[in-house]
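Colleague: just the structure for this:
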Amino acid sequence: MNAITDSFVPMQRINRWNGIIFLTSINLVTFLILPVYICYFKVHASEIALFVFYVLATSFSITMGYHRFFAHSTFKAGPVMEFLLLFFGAATFEGSALKWSSFHRRHHQYTDTELDPHNIKKGFFFAHMGWILFWKHAPNYDNVKDLQKMVLVIHQHRHYQAWAIVSGVILPLLVGALTGHMFGAFLWSVVVRMTFVFHSAFFINSFAHTFGSRPYDRHSSAKDNWLGALLTNGEGYHNFHHRFPQDYRNGIRWYHWDPTKWMIWSLSRVGMVRNLRRTSIAQIIQARLAPQG
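Modeller: Below you'll find the model as predicted:
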């Protein structure tokens, strides 16, 4: 298996029209067509059930899979779980796990600098989605050499479009056809679901670097915010995460809303994942008490 060897080049200002048209289209359909559909057509239970399933499967594949498993290696998983995370992660149309992890590791390494792909200092919109729509970025795969040893990760990366179309479009349409509601499945489980999951993921880069507190590292723009956690499957406790990215948790208190943490822990109880990494209490206390001037 040949290694992926793309080298880093600075981001370049460019209108990425494919992405602009795609994101504009799904947002317009969600906010203009969906209300009309709800008002004038009967929404069937099968459409809602499939929508809920796809929202959960794809959003957790980003927060639990792309983020905490592939990008940060906070736990280990077997081939079945790895495949499911890659399969439904591809359905989000957020890129391959290899590319996503490369950008994310660069974000952690160069947070709030010119080398940060979605530097919040360039503005809320830039961090939210402008960095995708109006800038061309080249990943440096030198920072994901560990992932290049994973056969499924490389296969998903090299055949990403096929993975994404099968998991994100063909499968929900097939289920919709079998239940007699193919258009409803397309509207809810493809278009609306993509819009919802896209913005949830985007909020981690924008909202979680703008609003909240910084109890662990006041030098980082990453912030802890309970509302951000609600919007992002628990990723809103972002100051803790940036201080301790190796921890499988983002919200460390029992009352912190972090369903991704609960999902990982629950799967570990049934042997689907293992070796969950946690920051010691001593390290957490030390970070809280350290001078933050």
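Colleague: is it true that I62 touches A91?
Modeller: No - with contact defined as Cβ atoms under 8 Å, I62 does not count as touching A91 (10.0 Å). Using the backbone N, CA and C atoms, a C-beta is placed for each residue, glycine as well.
Colleague: which parts of stretch 180-197 are buried?
Modeller: In terms of neighbour count (16 or more other Cβ atoms under 10 Å), stretch 180-197 has its buried residues at 181, 184-197.
Colleague: what of stretch 106-126?
Modeller: Residues R106, H107, H108, T111, D112, D116, P117, H118, N119, I120, F126 are the ones in stretch 106-126 that count as buried (16+ other Cβ under 10 Å).
Colleague: just stretch 46-54 next, same as before
Modeller: The neighbour-count check on stretch 46-54 (16+ other Cβ under 10 Å) flags S46, E47, L50, F51, Y54 as buried.
Colleague: again, but for stretch 53-67
Modeller: For stretch 53-67, the neighbour count (16+ other Cβ under 10 Å) marks 54-67 as buried.
Colleague: now swap in stretch 26-36 and tell me
Modeller: I26, V29, T30, L34.
Colleague: in three-state terms, label the last one for me.
Modeller: It refers to L34. Secondary structure state of L34, per DSSP: H, G, I helix; E, B strand; the rest coil, is helix.
Colleague: returning to that earlier point: can you put the buried residues of stretch 106-126 in CSV and add pLDDT?
Modeller: As requested, the buried residues of stretch 106-126 are exported to CSV (pLDDT from 0 to 100):
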residue, pLDDT
R106, 95
H107, 96
H108, 97
T111, 96
D112, 95
D116, 95
P117, 94
H118, 95
N119, 96
I120, 97
F126, 95
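Colleague: looking at those residues, which are in strands?
Modeller: Nothing among those maps onto strands, per DSSP state E.
Colleague: wait, A77 touches M272, no?
Modeller: Yes - using Cβ under 8 Å, A77 is in contact with M272, at 7.0 Å.
Colleague: between those two, tell me which one has more neighbours.
Modeller: It is A77, of A77 and M272, that has more neighbours when counted by other Cβ atoms under 10 Å, with 21 against 15.
Colleague: look up how far F126 lies from that one.
Modeller: Distance of A77 to F126, given as Cβ to Cβ, to the nearest Å: 33 Å.
Colleague: just to revisit the earlier point, now, among the buried residues of stretch 46-54, which is nearest to H256?
Modeller: Closest approach between the buried residues of stretch 46-54 and H256, by Cβ to Cβ: Y54, at 25.8 Å.
Colleague: quick one: pLDDT of the closest one?
Modeller: pLDDT, Y54: 98.
Colleague: tell me how far it lies from R288.
Modeller: For Y54, the distance to R288 - Cβ to Cβ - is 39 Å.
Colleague: can you show me the helices along the stretch 51-200 of the chain?
Modeller: Ranges of helices within the stretch 51-200 of the chain are 79-90, 97-109, 124-125, 131-133, 151-158, 160-165, 171-179, 182-185, 193-205, based on DSSP state H, counting those that start in this stretch.
Colleague: nearest to S220, of the ones you listed?
Modeller: helix 97-109 (9.8 Å).
Colleague: that closest one relative to helix 193-205, how many degrees between them?
Modeller: Interaxial angle of helix 97-109 relative to helix 193-205 (axes from the mean of the first three to the mean of the last three Cα atoms, to 10 degrees): 20 degrees.
Colleague: output the contacting helices and strands for helix 97-109.
Modeller: Counting contacts by 3 or more Cβ pairs under 8 Å, 6 or more residues apart in numbering; DSSP states H and E, helix 97-109 packs against helix 79-90, helix 151-158.
Colleague: got a list of contacts for the shortest one?
Modeller: Translated: helix 151-158. Helix 151-158 is contacted from outside by 1, 4, 70, 79, 82-83, 86, 89-90, 96-99, 147-148, 163, using Cβ atoms under 8 Å, 6 or more residues apart in numbering.
Colleague: and which of these is nearest to W131?
Modeller: K99 (14.0 Å).
Colleague: export the buried residues of stretch 46-54 to a markdown table and tack on distance to F202?
Modeller: A markdown table is the format used below for these (distance: Cβ to Cβ, whole Å):
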| residue | distance to F202 |
| --- | --- |
| S46 | 29 |
| E47 | 25 |
| L50 | 23 |
| F51 | 20 |
| Y54 | 18 |
